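Colleague: Build me a structure from this.
(6 chains)
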6 protein chains.
Amino acid sequence: MVAPNFSETKYWLRTARTLSDALPYMRRYAGKTFVIKYGGHAMVDRELATVFARDIVLIKQVGINPVVVHGGGPQIGDLLKRLDIPSSFIDGLRVTDAATMEVVEMVLSGSINKTIVAAINKAGGVAAGLSGKNAGLLRAKKLLSEKGDLGFVGDPDRVDPLILKALEAAGIVAVIAPVGFGVDGETYNINADTAAGAIAAATKAARLLLLTDVPGVLDKDGNLIPELTLDQVRALMADGVITGGMIPKLETCIDAVEAGVEAAVILDGRVPHALLLEIFTSHGVGTLIKRE
Amino acid sequence: MVAPNFSETKYWLRTARTLSDALPYMRRYAGKTFVIKYGGHAMVDRELATVFARDIVLIKQVGINPVVVHGGGPQIGDLLKRLDIPSSFIDGLRVTDAATMEVVEMVLSGSINKTIVAAINKAGGVAAGLSGKNAGLLRAKKLLSEKGDLGFVGDPDRVDPLILKALEAAGIVAVIAPVGFGVDGETYNINADTAAGAIAAATKAARLLLLTDVPGVLDKDGNLIPELTLDQVRALMADGVITGGMIPKLETCIDAVEAGVEAAVILDGRVPHALLLEIFTSHGVGTLIKRE
Amino acid sequence: MVAPNFSETKYWLRTARTLSDALPYMRRYAGKTFVIKYGGHAMVDRELATVFARDIVLIKQVGINPVVVHGGGPQIGDLLKRLDIPSSFIDGLRVTDAATMEVVEMVLSGSINKTIVAAINKAGGVAAGLSGKNAGLLRAKKLLSEKGDLGFVGDPDRVDPLILKALEAAGIVAVIAPVGFGVDGETYNINADTAAGAIAAATKAARLLLLTDVPGVLDKDGNLIPELTLDQVRALMADGVITGGMIPKLETCIDAVEAGVEAAVILDGRVPHALLLEIFTSHGVGTLIKRE
Amino acid sequence: MVAPNFSETKYWLRTARTLSDALPYMRRYAGKTFVIKYGGHAMVDRELATVFARDIVLIKQVGINPVVVHGGGPQIGDLLKRLDIPSSFIDGLRVTDAATMEVVEMVLSGSINKTIVAAINKAGGVAAGLSGKNAGLLRAKKLLSEKGDLGFVGDPDRVDPLILKALEAAGIVAVIAPVGFGVDGETYNINADTAAGAIAAATKAARLLLLTDVPGVLDKDGNLIPELTLDQVRALMADGVITGGMIPKLETCIDAVEAGVEAAVILDGRVPHALLLEIFTSHGVGTLIKRE
Amino acid sequence: MVAPNFSETKYWLRTARTLSDALPYMRRYAGKTFVIKYGGHAMVDRELATVFARDIVLIKQVGINPVVVHGGGPQIGDLLKRLDIPSSFIDGLRVTDAATMEVVEMVLSGSINKTIVAAINKAGGVAAGLSGKNAGLLRAKKLLSEKGDLGFVGDPDRVDPLILKALEAAGIVAVIAPVGFGVDGETYNINADTAAGAIAAATKAARLLLLTDVPGVLDKDGNLIPELTLDQVRALMADGVITGGMIPKLETCIDAVEAGVEAAVILDGRVPHALLLEIFTSHGVGTLIKRE
Amino acid sequence: MVAPNFSETKYWLRTARTLSDALPYMRRYAGKTFVIKYGGHAMVDRELATVFARDIVLIKQVGINPVVVHGGGPQIGDLLKRLDIPSSFIDGLRVTDAATMEVVEMVLSGSINKTIVAAINKAGGVAAGLSGKNAGLLRAKKLLSEKGDLGFVGDPDRVDPLILKALEAAGIVAVIAPVGFGVDGETYNINADTAAGAIAAATKAARLLLLTDVPGVLDKDGNLIPELTLDQVRALMADGVITGGMIPKLETCIDAVEAGVEAAVILDGRVPHALLLEIFTSHGVGTLIKRE
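Modeller: Purely as a prediction, here's the structure:
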């Protein structure tokens, strides 16, 4: 008779422990909505993009409802350049006139969005690309800046989750291009983080996951902070520990959590399978922000 | 006491008769799907486009499920020109290389599609724009020509109506850009008439309505033929009465009716409210093609 | 190529406009209950009666739930005469002893009611005749008059809409004879306008439509008043502008609107298709009374 | 300590046995339809009529769906006489001209029907009176006789149980006056036994119960036959044992059983609570006719 | 012709009256839960046990949901004796150490419970035996006595009716052994009356029926009291009229009624069909205790 | 900025891979029934028993419906010995007279069954213990042996899954003692493997998992065979490679697979988390037997 092999047993035990750890999360999150802002390296890197698409399919398979909101990429600048449409910037935001907006919409809704949809479908999922113009999904109002007219740059004004519910009911993953419409009939370009936050709030999501190109929120000594309450985030911002592009991201997280999202996470999108690790393991990957 | 005024009575009677005539059609078509190929003047002319959007909203309101499939327009050629991408044609079909396909998709999915969606929503409806890539809606296979390689020009290979059902259940009007995906992972440009016909067949539509820039099918003497059976259409084609662009349109109608669509109609999109007249009056506007 | 014919186009445009005007009403009223008091010329005139039956069928077809409450007619007097049962009147109300009540019930429930049901069924509908005695529909209490004993003349005391809901769920049009029952076990004759008003209140109807033999409410100069608020109606009654049989009709309208019916309309039943015009056109036919 | 009293125990045991015997029948018949032809002494005798109404309420309470079809009574002849409308008879059937039919309908639908409905409602039930004209319930064709024109005497031609299902779903007991309509638009008087049989067949009833003024089917020696198969009934009729009014009743039973009714019973309506005894005891009251 | 036989008529009338009396109770109790404590002679006597099983089946058949909680019997003492496990008692309660508890559980859950289940199934029912350990049904806490440690004797602490609802939904009769579990992981023996009372309270039962070996509650003169309010029960207990084992039974009844059970009944289980008589006749068998 | 730590990344990747591997199995098995024969070391060893209970809870949490059928253990022999009931054996089967059967049932249904239920509930699950006598679950027929009368040893004759469906619908895990009932009213002891196989067949289970004290099926050289078709199993048995207790286990597997169970697995119950590894990893633990 054969006794169970020892080294195999060790491997088995480790595998069993991982599963045993993951299963409760699946149970807890079944039927919940996770809004995922997708951009940066995770989107540009071909290999990471393939892993992302597979992870979305798996997350959907175990009963979670992922909603993907994607940002733009270098393609927008490329096409503007090819069409000789010059760009100026105010505070890092591209001033978006009508000609620019037309290009932005075509690239976001007509190119990047469809590429993500195709990748998820290729990985065995069923995804559908949506613009924020669809079925009143993202109504925007003009973003005002004291430093000049930003043109058709908008802020989410109202989110109508009707079409998201319809797709969820049909088992379809929504992939959203952050292009909104105004009551003035105009088209507005919306920051993808902000759009994701507004959609998370409107869908009472369990999580807002922002995939970024940094490890998460770092303390003064450059160490990753795994978890923060709203008050702690505000204190860090007041103390000047947090600077630069992390500030608007954290404001988006604060707004979402205050609007009823259970928690928001700044995730390192450069880690392969960052989504799976964040969702199904106890430690997580990045910084989780919750009410208290 | 006042007697009812005579001329008012006449107007009332006429109004009442129109309603009395229209109501049975509403009853008959309630819950049915009408696939509408939208293009040509009806799409380019600003005023007709506004009337079209309003009619779609009204048709939806009385319980019919309209599905709009739109064609391209001058914007594709314009953008190709601005980007210095040259085009060659085989039998009137644009040879579509990768660079061209990218532009075609951006214009169709990212610009024209969103303009139609916005118009319907502005008219009080709830529309959502879809590419054929969404949720496996339009799978295409490469269209082969003996006269040369057409590039990424495709023919519908399989239609998955899943997302159309989801939107219908949610009361949302689907507006579809005829861009498909191949099992090879490529993107294909599909003729809008053909795409509409395939979608009508897959959804067991009650009607396939092709909005055109002609009055309908004409006989030898140039008179409009209001109704034709499949056999009669084939006879007219064999006799050489029908020529030019009407031939592929009629072939699309034949295919759709043979695949189970109740009837197909070649409609004059230049007539304002052509949709309402076709659907809710006894005479109709254009040529109706049915099995027998 | 044939251009669209001009005079046809004019006709088409008019037709399209009528439809375009009517469709929103269908949408708005779908699933709503309209209680219609039917009597007078519209019931006695053979041709108008046929048109009425057809209109009821059409109204039902577009999703409205019509409930018909009919009055009596010359048949009651005729049968009383043939049976040598003498009648006396107090304030225009027939003093109804047991012998008279028996005749009234037989004529209302056994003859007029069945004639209306048969007409609607012949026009393609599915109607069922009901007495107020059925399933507790109309419980009545004796109407007291200072000028003498009116016998079995009753006022609605409680309405149980159970059977109306059952018929609506089965797609059946209810046609109601205004005969009620008392807790004393007696049968009571109820004025049809009053019965219709009580049923409209109990079913939270969208409309109470009273078909009459006058154009509607007229002002001092004999001109039709298209719309009145409850306060305006009360003012007109206080000013003595309204007199005679219009007073109890307006009191019924006031009671119904105060009890939650959206609006009540005094309609000219002599106009063919008065129901269709009132329901599906913007101007209406008669005087609409609403809260404010 | 008190021992259970003996004579009480005896009473208790008898009561328990009756219940113990009845309970399985309730189970077996729950949800089943019993069509009951109601007429004769059971209807004319005031006390029996009250007991009948109470029994109907109880039968309904334990989950059986009773459908009552009533006959006419002396009131028809009375009213014809008072109106000086002469009657002639062919084979015991009243020749029914238009004037007679009008009276028959008023008495059946407007008087007798409402009296039964009122009695059931008074006993705590919820009943609704129906004419066969309602919702296409009883379509009739003219009954032809070789001995002369019977006028508006009809035979059931088609039964549409739609409204019966609607009432059953709402917990309402249907009480039906056997007045039908023809495709010729005329009103027809139908024999109540025949109407009950046709309705039992159309509703796939578990039982057709004919309340009569005789003990049931008797053999040559005048003894009651408790149960007969279709073949036995036919043999008795061929042998001339059965004569007179029992013949058409048995033909109605045969037709019903052949059309799918589980069994038909000729019941003695003069026995108080005949319905309860027939339904809930093993021996029954009368003659049961079943397929084999 | 045969007239109905007189003596038969008398029998019929009596039968009809019993049914007529019973039917309203069936209606009233349909869908309600009756918790029945089963024990004593009714369980030990073979014939009574067969009648009990049949009655449970019949009660279930007419739509009542019986839940049976059984006590122990001589088998527990027998097995303890055979295993030489000695028993001591405090206030009539068996001191239950671990070895005793093991035997108690095996006999209750493994033997008596299964015997009852088998009897009901044999009588044509569908029963399932449950221990209070199942699906959290009966959580117990240790019963404390001032006179010594009772060991694993417990009192109901929390009842989770989940599994009872599941069985009811599937048409299965629950038969419960009064063995509970503690949060300490231990097994507890619970008095069957107390367990039945707690389950009746948790299921909002219409009745708690305690089958005993006495006629019910007796007054000073030894006469049965048919009905008592809570205040009257308390007064009788204060007056010392009630003594011995009846006291805890009445306390259980009081607790159940105060917790929302409509009424509790002390029944004489020695009367055959005691359940049927109590439930379906007006007089009942035993003493009914209700709020007021 | 902090770069992701390398050794953590390695751990993360391994974890992600395990999850990524497991997720498809969860999807595939969601809603499916897994019948698990539980016995041997996995049941006797305290630690393995705790792990087993936790695994059952986790399996249930991810949407699989586990049904546990347990065997007996040393307790049966112990109690028989304490009660001085002697046992004889035929072919390894205990001859089971009435006295023995009583003990077997008490130990299986009253002791072992409740211990497993308590363990699962303690691990956070909701389990209910069932005997095969419940609700007709396991009907048995006497097992005949040519070598003598085995007494109340039975074979599954008919399985009624009614109560299993009821518990599944309520989210309760069924734990089954293999005690059946005969049409003769007797109680039968059934082999747990056989009972599990019959239940798997009756519930159209996706898997029959037999937890044993061996690694699985071994080939001639003593190496584990991971997968076998029915034909291969039969060949191995014909070749004499398989001997002893493995033979009836494999016959049970063959029967189950032929009756529609997707696959049966002989599992090594001595491996901790054997269930999780078998269900959620690609290699599995033991020998899987499938149709072909």
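Colleague: can you map out the helices along chain A?
Modeller: A:6-29, A:41-44, A:46-61, A:74-82, A:98-107, A:113-122, A:162-169, A:192-202, A:230-238, A:246-258, A:274-280 (DSSP state H).
Colleague: JSON lines please, covering these and showing distance to chain B.
Modeller: C-beta: built from backbone N, CA, C; applies to glycine. Listed next are those as JSON lines, based on distance: least, CB to the nearest CB, whole Å:
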{"stretch": "helix A:6-29", "distance to chain B": "23"}
{"stretch": "helix A:41-44", "distance to chain B": "17"}
{"stretch": "helix A:46-61", "distance to chain B": "12"}
{"stretch": "helix A:74-82", "distance to chain B": "6"}
{"stretch": "helix A:98-107", "distance to chain B": "4"}
{"stretch": "helix A:113-122", "distance to chain B": "5"}
{"stretch": "helix A:162-169", "distance to chain B": "3"}
{"stretch": "helix A:192-202", "distance to chain B": "15"}
{"stretch": "helix A:230-238", "distance to chain B": "34"}
{"stretch": "helix A:246-258", "distance to chain B": "24"}
{"stretch": "helix A:274-280", "distance to chain B": "21"}
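Colleague: In terms of mean pLDDT, which of those ranks lowest?
Modeller: Ranked by mean pLDDT, the helices of chain A bottom out at helix A:6-29, with a mean of 78.
Colleague: for that one, packing partners?
Modeller: Other elements packing on helix A:6-29 under the criterion 3 or more CB pairs under 8 Å, 6 or more residues apart in numbering or on different chains; DSSP states H and E are helix A:274-280, helix F:6-29, helix F:46-61, helix F:274-280.
Colleague: coming back round to it: now tabulate the helices of chain A in TSV and tack on distance to F:L275.
Modeller: Formatted as TSV, the helices of chain A follow (distance: least, CB to CB, whole Å):
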stretch	distance to F:L275
helix A:6-29	9
helix A:41-44	35
helix A:46-61	21
helix A:74-82	49
helix A:98-107	50
helix A:113-122	32
helix A:162-169	32
helix A:192-202	37
helix A:230-238	42
helix A:246-258	38
helix A:274-280	19
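Colleague: residue contacts, the residue nearest to A:T18 when sequence neighbours are not counted?
Modeller: Using CB to CB, 6 or more residues apart in numbering or on different chains and skipping residues adjacent in sequence, the residue nearest A:T18 is F:T18, 4.3 Å away. Counting by CB atoms under 8 Å, 6 or more residues apart in numbering or on different chains, F:T18 makes contact with A:14-15, A:18-19, F:281.
Colleague: who wins for neighbours among those residues?
Modeller: A:L19 (26 neighbours; other CB atoms under 10 Å in any protein chain shown).
Colleague: Surely it and F:F280 touch.
Modeller: Yes - assessed by CB atoms under 8 Å, A:L19 is found in contact with F:F280 at 5.3 Å.
Colleague: shared neighbours, those two?
Modeller: What both A:L19 and F:F280 touch, as defined by CB under 8 Å, 6+ apart, is the set F:A22.
Colleague: contacting residues for A:S282?
Modeller: A:D21.
Colleague: nope, A:D193 is what I was after
Modeller: A:37, A:71, A:210, A:248-249, A:252.
Colleague: JSON lines for those, including neighbour count and distance to F:G269?
Modeller: Converted to JSON lines, these look like this (neighbours: other CB atoms under 10 Å in any protein chain shown; distance: CB to CB, whole Å):
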{"residue": "A:K37", "neighbour count": "31", "distance to F:G269": "46"}
{"residue": "A:G71", "neighbour count": "20", "distance to F:G269": "51"}
{"residue": "A:L210", "neighbour count": "30", "distance to F:G269": "45"}
{"residue": "A:P248", "neighbour count": "13", "distance to F:G269": "56"}
{"residue": "A:K249", "neighbour count": "23", "distance to F:G269": "50"}
{"residue": "A:T252", "neighbour count": "25", "distance to F:G269": "51"}
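Colleague: Throw those into TSV and include distance to E:V179, thanks.
Modeller: Below are the contacts of A:D193 laid out as TSV (distance: CB to CB, whole Å):
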residue	distance to E:V179
A:K37	55
A:G71	62
A:L210	54
A:P248	62
A:K249	58
A:T252	56
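Colleague: need the contact list for A:G171.
Modeller: Neighbouring residues of A:G171 by CB under 8 Å, 6+ apart: A:60, A:126.
Colleague: how far away is it from chain F?
Modeller: 12 Å (CB to the nearest CB, to the nearest Å).
Colleague: For burial, what's the neighbour tally of the closest residue to chain E within chain A?
Modeller: At 17.9 Å from chain E, A:R27 is the closest residue in chain A, using CB to the nearest CB. Look at A:R27: counted by other CB under 10 Å, it has 16 neighbours.
Colleague: do the same with A:G182
Modeller: A:G182 has 15 nearby residues by other CB under 10 Å.
Colleague: now it: how far from chain D?
Modeller: Distance, A:G182 to chain D, using CB to the nearest CB: 50 Å.
Colleague: repeat for A:A98
Modeller: The gap separating A:A98 from chain D is 60 Å, by CB to the nearest CB.
Colleague: Now do that residue: how many residues are near it, please.
Modeller: 10.
Colleague: so A:F152 sits right up against A:T187, yeah?
Modeller: Yes - counting by CB under 8 Å, A:F152 touches A:T187, with 6.3 Å between them.
Colleague: Looking at the stretch 1-150 of chain A, which residue is nearest chain B?
Modeller: A:G110 (2.4 Å).
Colleague: Can you give me every residue that contacts that residue?
Modeller: B:105-111.
Colleague: Contact partners for the residue nearest to A:K141 when sequence neighbours are not counted?
Modeller: Nearest residue to A:K141, sequence neighbours excluded (CB to CB, 6+ apart): A:D157, at 4.3 Å. Contact analysis of A:D157 by CB under 8 Å, 6+ apart lists A:139-141, A:180, A:182-183.
Colleague: next one: A:K165
Modeller: Contacts for A:K165 (CB under 8 Å, 6+ apart) come out as B:A170.
Colleague: burial count for A:K220?
Modeller: 9.
Colleague: Around the residue nearest to it when sequence neighbours are not counted, how many other residues sit close by?
Modeller: Spatial nearest neighbour of A:K220, excluding adjacent residues (CB to CB, 6+ apart): A:V241 at 5.7 Å. Per other CB under 10 Å, the neighbour tally for A:V241 reads 14.
Colleague: from memory A:V241 sits against A:D219, does it?
Modeller: Yes - between A:V241 and A:D219 there is a contact under CB under 8 Å: 6.8 Å.
Colleague: circling back to that earlier point, now for A:F152 and A:T187: what residues contact both?
Modeller: In contact with both A:F152 and A:T187: A:M101, using CB under 8 Å, 6+ apart.
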